[in-house]
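Visitor: Need coordinates for the below:
(2 chains)
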Amino acid sequence: MKVTVCIGSSCHIKGSRPIVETFQKLISENNLGDKLELSGTFCMNKCQEGVCVSVDDKLYSVSPQTAESFFNDNIKAKLQ
Amino acid sequence: MNDLCADIGYRSINHIGEQLCGDHVDVVESDENSTVIVLADGLGSGVKASILSTLTSKIISTMMAAGLSLEECVETIAATLPVCSVRGVAYSTFTIIHIRNNEYAELIQYDNPQVIMFRDNKAYDYPKKEMNIGGKTIYKSTIRLRENDVFIAMSDGCPHAGIGTAYNFGWKIEDITDFMEVMVMANYTAKTLSTILVDEVNKLYGEKPGDDATACVVRIRKRVPMNMLFGPPRNPDDANRMMSLFFSKRGKHIVCGGTTSSIAAKWLKKPLVASLDYDPGSDVPPTATIEGVDLVTEGVITVNKVVEYARDYISENKDYAKWNFKKDGASQICSLLFEEATDINFYVGRAVNPAHQNPDLPINFNIKMNLVEELSDTLKKMGKRIKVSYF
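Guide: Residues are numbered from 1 along each chain as shown, chains lettered A, B, ... in the order given. You can find the predicted model right below:
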């Protein structure tokens, strides 16, 4: 599974960093490091809907507040 | 002609309790490759000293740059300076470094501490000729320039640092030379070298300088071109033209901006890979890589940080340690633009990013254009040659 977080200007201001850090923490806590690849990208051309996160090419809008539940529902659940 | 140029930087601290500095540095470019640098130290401190040193350095630099002889400059100063009512003399010591055609340096020294010169990172004892002009003993030297020659001119506030506290007789010139030798080897810019020296002087004074102290550093270096791309073109059809002009230029290439870097990646037919490594001490987004581009960063937030550092660099330069050692996008741009480059070409795209026009966001089109203007202004003040092309 490939998870990509946008770190472009707009998304950065809306909180890419805490989202990336939440994901990184949850990945190591759940030992999912070898099952998914977390990467960054500069712009997904959906700046208004930021922070943009794509999971295997499907696009989502995530905020730092929803990062943990998003991870559990859309990433962790699908891997198990 | 050669491809050398002079990197010039200076920094002063004031006598404790004074708002004005009694030392003054004036830099005048007489033509593209010739510069006159004058460091003058006015008698006493405060307003009077400030007036004396400002007049002295302005008069000398303007006259020398206009090609008038040293004798005429000295006579003019003697005839023009206001006479101090307490001491009955008009007095300001001065050091002149005249860079001619980037081939020769002419040093003219009157009563300031001796200019320290480094060649190949070693202290270099240059010849001096004694002259007498209007009763003043003046030392003159002519030195053929080489790459990496460094000149350090000081006011006497520097060697007087620490008298009676840290040292019995102040900070001796030989010790200043040893101290600076290491710094010169580390390849810092002229501005940073002068800051390091004056900071040390301030420390030796226990942060309570007993005199105005100034250091002015001139570093002879090769010209280095650099190119920076910022923002997509207003008309998308211009993208190819913009990219081919940008990538055909000699020197390193920096690409700033998300959309901008994807255009560059597409033009180069190479993947754009963004990293997720946040620099712990920094609030700018991570960088990315494209094969064939020396540095890829996010746009406005990163450039905004660079402008912040640039403003500090041309004034107090207290942040140099931050960008010098950090590895985030903004710090890397600073090292490339402030330290490495001498000639910078900006390729600025004027496309409006609809996502940035949201009033909740602290970025918009005007801010972006102001950033470019301010950055090129501050870089000019650092002595860089700047060209900006808009698309």
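
Visitor: If I look at B:Arg250, what pLDDT would I see?
Guide: pLDDT, B:Arg250: 94.

Visitor: Could you do the one 5 residues further on as well?
Guide: The predicted local distance difference test score for B:Val255 is 97.

Visitor: Domains of chain B: list them as residue ranges, please.
Guide: Using automatic domain parsing, the domain parsing of chain B gives B:4-222, B:225-390.

Visitor: What count of nearby residues applies to the residue of chain A found nearest chain B?
Guide: Per C-beta to the nearest C-beta, A:Cys47 is where chain A lies closest to chain B, at 2.7 Å. In short, each C-beta sits where N, CA and C put it, glycine included. With neighbours defined by other C-beta atoms under 10 Å in any protein chain shown, the count for A:Cys47 comes to 23.

Visitor: Phi, psi for it please.
Guide: phi -50, psi -40 (degrees, to the nearest 10).

Visitor: Quick one: residues contacting the closest residue in space to B:Asp312 that isn't next to it in sequence.
Guide: Distances taken as C-beta to C-beta, 6 or more residues apart in numbering or on different chains place B:Asp319 nearest to B:Asp312, at 4.5 Å, with adjacent residues excluded. Residues near B:Asp319 by C-beta atoms under 8 Å, 6 or more residues apart in numbering or on different chains: B:309, B:312-313.

Visitor: for B:Thr302, same thing?
Guide: Counting by C-beta under 8 Å, 6+ apart, B:Thr302 makes contact with B:256, B:284-285, B:329-330, B:333.

Visitor: Would you agree the residue of chain A closest to chain B is in contact with B:Pro354?
Guide: Yes: between A:Cys47 and B:Pro354 there is a contact at 7.3 Å, judged by C-beta atoms under 8 Å.

Visitor: Quick check on the closest residue to B:Lys327 other than its chain neighbours: phi, psi?
Guide: Spatial nearest neighbour of B:Lys327, chain neighbours left out: B:Asp279 (5.9 Å); criterion: C-beta to C-beta, 6+ apart. Taking degrees, to the nearest 10, you get phi -70, psi 130 for the backbone angles of B:Asp279.

Visitor: Same check on B:Lys122?
Guide: As for B:Lys122, its main-chain torsions (degrees, to the nearest 10) stand at phi -120, psi 150.

Visitor: cool, the one 3 residues further on as well?
Guide: Dihedral pair for B:Asp125: phi -90, psi 100, per degrees, to the nearest 10.

Visitor: ok, and the most crowded of the contacts of B:Thr302?
Guide: Neighbour counts for these peak at B:Pro285, which has 31 neighbours (criterion: other C-beta under 10 Å).

Visitor: From chain A, how far off is it?
Guide: Taking C-beta to the nearest C-beta, to the nearest Å as the measure, B:Pro285 falls 4 Å from chain A.

Visitor: what residues are up against that residue?
Guide: B:Pro285 touches A:7-9, A:12, A:16-17, B:278, B:297-298, B:301-302, B:329, counting by C-beta under 8 Å, 6+ apart.

Visitor: Tell me which residues touch B:Ser331, please.
Guide: When contacts are counted by C-beta under 8 Å, 6+ apart, B:Ser331 touches B:279, B:282, B:309, B:322-325.

Visitor: Just the residues you listed: which are in helices?
Guide: Judged by DSSP state H, the subset of the contacts of B:Ser331 located in helices is B:309, B:322-325.

Visitor: Just the buried ones from those?
Guide: Buried by 16 or more other C-beta atoms under 10 Å in any protein chain shown: B:309, B:322-324, out of the ones in helices among the contacts of B:Ser331.

Visitor: Run through the residues that contact B:Ala153.
Guide: Counting by C-beta under 8 Å, 6+ apart, B:Ala153 makes contact with B:37, B:39, B:95, B:97, B:112, B:115, B:215-218.

Visitor: low-confidence ranges in chain A?
Guide: Along chain A, the model assigns pLDDT under 70 to no residue.

Visitor: residue boundaries of the strands in it?
Guide: Taking DSSP state E, the strands of chain A run over residues A:2-6, A:37-41, A:52-55, A:58-61.

Visitor: Over to the stretch 1-150 of chain B?
Guide: For the stretch 1-150 of chain B, the strands defined by DSSP state E, counting those that start in this stretch occupy B:4-13, B:23-31, B:34-42, B:92-100, B:104-110, B:116-119, B:122-123, B:129-133, B:136-144, B:150-154.

Visitor: Export these as JSON lines, with columns for mean pLDDT.
Guide: Listed next are the strands of the stretch 1-150 of chain B as JSON lines, based on pLDDT from 0 to 100:
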{"stretch": "strand B:4-13", "mean pLDDT": "93"}
{"stretch": "strand B:23-31", "mean pLDDT": "91"}
{"stretch": "strand B:34-42", "mean pLDDT": "93"}
{"stretch": "strand B:92-100", "mean pLDDT": "92"}
{"stretch": "strand B:104-110", "mean pLDDT": "93"}
{"stretch": "strand B:116-119", "mean pLDDT": "96"}
{"stretch": "strand B:122-123", "mean pLDDT": "94"}
{"stretch": "strand B:129-133", "mean pLDDT": "90"}
{"stretch": "strand B:136-144", "mean pLDDT": "91"}
{"stretch": "strand B:150-154", "mean pLDDT": "97"}
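
Visitor: Noted, bye for now.
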